[in-house]
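Chemist: no letters, just coordinates:
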């Protein structure tokens with residue numbers, strides 16, 4: 001669970017890195033650029049203040065754009081702030097550690113859809129294996145399932161992750177296998193000495209020198225909120241003043257059309273307000289990765305929609321995937337988006353089949369692949385927190401007046 005949480009946070013940060021880099025410069029100043037490979041605590045900081053900032057301004061932004069704005073960039077930024085960031089922050093820290101099994105189990109599938117969208121190698125299969133185990137234990141009424149539900153936090157892999165973190169921090173890619181083994185044994189022995197382990201952790205932890213106070217975090221959140229308002233205002237001007245909507249043709253490739261051995265190539269998309277001039281469909285909400293992409297001028301995706309031929313108006317709902325349905329049509333569809341359901345089912349089938357084929361293969365000598373060995377180029381230096389009083393209130397007023 002912790003391993004999945006850490007990797008999902010890193011994935012979201014890396015996929016939207018230009019956006020977070022621009023945010024970091026806005027908050028800490030042009031002279032303090034964000035490292036290309038920041039430390040985990042700095043990634044967590046940006047994710048946390050992004051969520052808190054969005055909570056401050058979400059109502060104002062949604063009132064400004066209205067309930068039915070379907071511009072792709074607006075939906076992409078809103079999906080990132082509404083869904084992706086809270087999901088990766090809470091799946092372990094809140095859902096798992098609180099012992100809320102049902103919410104944690106559901107969030108595991110949501111995280112899988114994130115890995116699926118970005119085609120994250122191995123993680124698209126790891127979570128499916130976990131979900132498969134749960135369904136199997138449920139089908140045979142195995143007692144392990146009740147134990148997990150009753151004592152979920154006790155099944156944490158945090159000890160393994162901490163051990164692995166210590167080990168990686170003290171070794172290099174050229175370290176000999178025996179040296180790694182010896183140091184691992186030393187760490188294992190060190191855990192028996194409570195004071196020694198605590199001392200080692202206190203001097204090597206990335207969180208050891210964390211210096212931001214609650215007041216600092218509040219100021220950082222407000223500056224981040226100003227940055228987000230600036231992004232949304234740029235989108236608003238394009239959509240409502242320049243009358244320029246970011247739309248896509250249905251002919252663009254989608255994740256469900258990806259075949260084995262064939263790499264997916266998407267048309268390049270520019271998300272100008274998010275400072276991301278060259279992205280793919282996977283950076284947009286799930287609906288844009290299906291065979292039927294959201295159309296800003298279509299308000300119901302039910303194949304049996306009869307509301308337009310009726311005299312009774314029916315409220316329209318925009319789903320998280322960005323497809324829209326009339327409330328009655330959505331209920332008739334079983335409270336599901338059938339296009340996204342079909343895409344996800346196809347994705348599950350393909351990755352399960354790929355996993356089974358991999359398990360059946362006879363062991364062959366593996367060729368060593370080039371790994372991502374980019375070292376952390378971040379330091380533990382903290383940017384100064386400078387916030388002008390009432391800056392957020394002024395930004396909100398300016399946003400409303402446009």
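Modeler: Nice, thanks for sending it over. The model shown is predicted, which means the values in this text are computed figures rather than measured ones.

Chemist: make it CA atoms for all contacts and neighbour counts henceforth
Modeler: OK.

Chemist: and the longest helix along the chain, what does it pack onto?
Modeler: Identified as the longest helix of the chain according to DSSP state H is helix 40-65. Under the contact criterion of 3 or more C-alpha pairs under 8 Å, 6 or more residues apart in numbering; DSSP states H and E, helix 40-65 touches helix 2-15, helix 85-90, helix 214-236, helix 391-401.

Chemist: will you turn these into JSON lines that also has mean pLDDT, distance to residue 292 and mean neighbour count?
Modeler: Output for these, formatted as JSON lines (pLDDT from 0 to 100; distance: least, C-alpha to C-alpha, whole Å; neighbours: other C-alpha atoms under 10 Å):
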{"stretch": "helix 2-15", "mean pLDDT": "93", "distance to residue 292": "23", "mean neighbour count": "18"}
{"stretch": "helix 85-90", "mean pLDDT": "97", "distance to residue 292": "25", "mean neighbour count": "20"}
{"stretch": "helix 214-236", "mean pLDDT": "94", "distance to residue 292": "24", "mean neighbour count": "21"}
{"stretch": "helix 391-401", "mean pLDDT": "91", "distance to residue 292": "33", "mean neighbour count": "15"}
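
Chemist: wait, which of those is closest to residue 57?
Modeler: helix 214-236 (6.8 Å; C-alpha to C-alpha).

Chemist: so how far is that closest one from its chain's centroid?
Modeler: Centroid separation between helix 214-236 and its chain, computed with C-alpha atoms, centre = their mean, to the nearest Å, is 19 Å.

Chemist: same check, this time on stretch 94-106
Modeler: Average the C-alpha atoms of stretch 94-106, do the same for its chain, and the two points are 17 Å apart (C-alpha atoms, centre = their mean).

Chemist: average pLDDT across it?
Modeler: Average pLDDT, stretch 94-106: 96.

Chemist: would you mark the buried spots in that stretch?
Modeler: 95, 96, 97, 99, 100, 101, 104, 105 (16 or more other C-alpha atoms under 10 Å).

Chemist: try stretch 50-67
Modeler: 50, 51, 52, 53, 54, 57, 58, 60, 61, 64, 65.

Chemist: picking up where we left off before, farthest pair in the buried residues of stretch 94-106?
Modeler: 97 and 105 (12.6 Å).

Chemist: returning to what we had before: between the helices and strands packed on helix 40-65, which gets nearest to residue 32?
Modeler: In terms of C-alpha to C-alpha, the element of those nearest to residue 32 is helix 214-236, at 14.5 Å.

Chemist: between the closest one and helix 40-65, how many degrees?
Modeler: 50 degrees (axes from the mean of the first three to the mean of the last three C-alpha atoms, to 10 degrees).

Chemist: how far does the helix or strand following helix 214-236 sit from the chain's center?
Modeler: Remark: after helix 214-236, the chain's next helix or strand is strand 269-271, criterion DSSP states H and E. Distance, stretch centre to chain centre, for strand 269-271: 19 Å (C-alpha atoms, centre = their mean).

Chemist: hmm, residue 330 is touching residue 302, no?
Modeler: Yes: using C-alpha atoms under 8 Å, residue 330 is in contact with residue 302, at 7.5 Å.

Chemist: how much space between residue 240 and residue 114?
Modeler: 30 Å (C-alpha to C-alpha, to the nearest Å).

Chemist: out of the two, which sits in the more crowded spot?
Modeler: Comparing residue 240 with residue 114 by other C-alpha atoms under 10 Å, the one with more neighbours is residue 114, at 24 against 11.

Chemist: do you know how far residue 167 is from residue 185?
Modeler: For residue 167 relative to residue 185 (C-alpha to C-alpha), the value is 10 Å.

Chemist: those two - which one has more neighbours?
Modeler: residue 167 (17 against 11).

Chemist: please name the nearest non-neighbouring residue to that one.
Modeler: residue 184 (6.5 Å; C-alpha to C-alpha, 6 or more residues apart in numbering).

Chemist: what residues sit buried inside the strand or helix carrying the one you found?
Modeler: Following DSSP H and E, one finds residue 184 within helix 177-190. Within helix 177-190, the residues that count as buried by 16+ other C-alpha under 10 Å are 180, 184, 187.

Chemist: hang on, isn't the second one packed against residue 165?
Modeler: No: using C-alpha under 8 Å, residue 184 is not in contact with residue 165; the gap is 11.1 Å.

Chemist: tell me who's in contact with the closest residue to residue 95 other than its chain neighbours.
Modeler: Closest residue in space to residue 95, ignoring its immediate chain neighbours: residue 104 at 5.1 Å, by C-alpha to C-alpha, 6+ apart. If you count contacts by C-alpha atoms under 8 Å, 6 or more residues apart in numbering, residue 104 has them with 91, 92, 95, 96.
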